[in-house]
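Enquirer: Generate coordinates for the sequence data below:
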Amino acid sequence: MAVPTAASVCDADRYRPPPVTGLVDLLDRQVRERPHARALVVTGDRVHLSYRALSGLADDVAARLGGTGLRRGDAIGLICANNAEFVVALLGAARAGLVVAPLDPTLPESQLSARLESLGAQAVLLGPSVSDAPPAAQVPFPTWPLRVIASRAGTASVDLDTGERAVREVRGAAEELSGRDALVLFTAGTTDRAKMVPLTHANVAASLRNICAGYELGPGDATVAVMPFFHGHGLFAALLASLASGGCVLLPDRGRFSAHTFWDDMGAAGATWFTAVPTIHEILLDRAGTEYPGPRTPSLKFVRSCSAPLNTATQRALERTFGAPLLSAYGMTESTHQATSEPLPSRGPLKQGSVGRPTGVDLRVVDASGRTCPVGTEGEVWVRGPGVTRGYLGDPGETARSFADGWLRTGDLGILGEDGYLSLTGRIKNLINRGGEKISPEHVEDIIAGCPGVAEAAVYAIPDAVHGQRIGAAVVLREGETLDSEQILRYTRDRLAPFETPDRLDLVPALPHTAKGALDRLAVEARYAP
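Expert: Numbering: from 1, shown residues only. Alright, predicted model coming up:
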């Protein structure tokens, strides 16, 4: 069953998505119609930057980059935390015709250098990093420090040092780029071999139109940047969609999420929504009893969850606590972030346990032969649409394996219902083979996480000479809970098939996560599997 794009697009009479064509004209409409409206709230002093001021800063950066000898379609790295410098550098480089590759500022120098070298970046724009990040300025590329000086009066200027000139030499994967490209994002790998995903301005525009339309974002909306901008979740859903629709984004002090200041930030922004990974939702829920300000919090239209499965019990608890619908979404870097989402309550029913309906993509669930599965049958999720990338840079083999006739083979397992809602059941590569039985660790984790007192669970394969693999689980308890392993196993035995029940369950203080907040399965296996 294929679900068409039209299944999720808002009625044209009710909402019109912003008419952007990419990063270059992202601010144009707001600068014309609402030049003095808030675009960003920045620094610990919570300085307001208007759309006119932000656009002026981007133009200044574009002019300075235009004098460096770089040409349209050249690649440039961006290493920066979630602060004003990131936004100004991104938009300024785009206006100069450059292709921007944001990188995780907490990566060690060796990985930063390896990714920049594989891409063939000409130079690196370097903004302020998070306080515990390594010195990124040590990468062996021309490095141009950039600073935004903002006053409480709302005026701002840019300090950009391009003294170390780039020696223009198109090399590496950058040979495949052109002036149509806007971004290169690195997939959420933890190795130097993370895949490089090129995204055109048309990909970006399609993504932003669909996100804005799905949530009906507009000038009256505001949010707090929770997720990092070097990943699609924070970049497209929080930052760019807000700016395209005329909203406001508060960038937390020091450029990173802080549970301690989150609700104060939400109040300062007058936030109407926010988006985060389940790990952060769990943190906010655990601290709600002492930190959630209740009636003093701005009224939320919705809360969004993406990038990892959200336990249904957590979803219900979040909705009760925050008094707003929790909308689960599904996306990937290769689809320019969002592919599906639960709709706003006014646009359709919420279906807990699902990730909603397609948003601007065609979607199929197929079997191992590529045939469309019957409704209600598990298979691999395939998507296509204007937001889907053309492939991976410098990796034709992986491109051939993951893309076919415009369809992206996501590697995710899912089930489509009669109503067009998608429920994800796991990742193909994560399946555990226990004596021929294929077990989804995500499903087992969801059951364990539903046990009262459990905060988070990670399920992994244990090598076994008889069955091939057995099931291990590492479980984190909520603060103050005194459950033991056997109590949790009794809970799971009532809800899982015998072959799905963990053979070993260990209580651990914490689990490793990737930079975007998803469970780091490679680290889990290295730490807990024998």
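Enquirer: So in terms of bridging, what pairs with the closest residue to Arg504 other than its chain neighbours?
Expert: Closest residue to Arg504 apart from its sequence neighbours, by CB to CB, 6 or more residues apart in numbering: Gly472 at 4.7 Å. Any C-beta I mention is one placed from the backbone N, CA and C, and that applies to glycine too. In this entry, Gly472 is beta-bridged to Tyr460, Arg504, by DSSP bridges.
Enquirer: Count the neighbours of Gly472 for me.
Expert: 22 (other CB atoms under 10 Å).
Enquirer: swap in Glu525?
Expert: Glu525 - counted by other CB under 10 Å - has 14 other residues nearby.
Enquirer: where do the helices sit along the stretch 101-250 of the chain?
Expert: 109-119, 201-215, 232, 241-244 (DSSP state H, counting those that start in this stretch).
Enquirer: Beta-bridge partners for Trp273, please?
Expert: Phe302.
Enquirer: Now do the contacts for it.
Expert: Residues in contact with Trp273, defined by CB atoms under 8 Å, 6 or more residues apart in numbering, are Tyr215, Asp221, Thr223, Leu300, Lys301, Phe302, Val303, Arg304, Ala324.
Enquirer: Equivalent analysis for Ser485, please.
Expert: Here Ser485 is in contact with Val475, Leu505, Asp506, Leu507 (criterion: CB under 8 Å, 6+ apart).
Enquirer: Would you report the backbone torsion angles of it?
Expert: Backbone geometry at Ser485, expressed as degrees, to the nearest 10, gives phi -60, psi -40.
Enquirer: Tell me which of the contacts of Ser485 fall in strands.
Expert: Val475, Leu505, Asp506, Leu507 (DSSP state E).
Enquirer: Write the ChimeraX selection for whichever of those residues are buried.
Expert: Buried residues within the ones in strands among the contacts of Ser485, by 16 or more other CB atoms under 10 Å, are selected in ChimeraX with:
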select :475,505
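Enquirer: Just the closest of the ones in strands among the contacts of Ser485 to Gly406, please.
Expert: Among these, Val475 lies closest to Gly406 (CB to CB), at 41.7 Å.
Enquirer: what kind of secondary structure is the closest residue in space to that closest one that isn't next to it in sequence in?
Expert: Closest residue to Val475 apart from its sequence neighbours, by CB to CB, 6+ apart: Ala457 at 4.9 Å. Put simply, Ala457 is strand when judged by DSSP: H, G, I helix; E, B strand; the rest coil.
Enquirer: what does Leu496 give?
Expert: coil.
Enquirer: Next, the contact list for it, please.
Expert: Val444, Ile447.
Enquirer: how does it look with 10 Å?
Expert: Ile439, His443, Val444, Ile447, Ile448, Ile471, Leu489, Pro502 (CB atoms under 10 Å, 6 or more residues apart in numbering).
Enquirer: I'd say Pro401 and Asp395 touch.
Expert: Pro isn't right for residue 401; it's Arg. Yes - between Arg401 and Asp395 there is a contact under CB atoms under 10 Å: 9.5 Å.
Enquirer: of the two, who's got more company?
Expert: A count of neighbours by other CB under 10 Å puts Asp395 above the other of Arg401 and Asp395, at 16 against 12.
Enquirer: Excluding chain neighbours, give the residue nearest to the more buried one in space.
Expert: Closest to Asp395 by CB to CB, 6+ apart is Lys195, at 6.2 Å.
Enquirer: Leu507 too?
Expert: Leu507's closest residue in space is Val475 (CB to CB, 6+ apart), at 5.6 Å.
Enquirer: ok so, going back, could you verify my assumption that the residue nearest to Arg504 touches Val508?
Expert: No - using CB under 10 Å, Gly472 is not in contact with Val508, being 11.2 Å away.
Enquirer: For the ones in strands among the contacts of Ser485, give me TSV that also has pLDDT.
Expert: What follows is the ones in strands among the contacts of Ser485, written out as TSV (pLDDT from 0 to 100):
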residue	pLDDT
Val475	97
Leu505	96
Asp506	95
Leu507	97
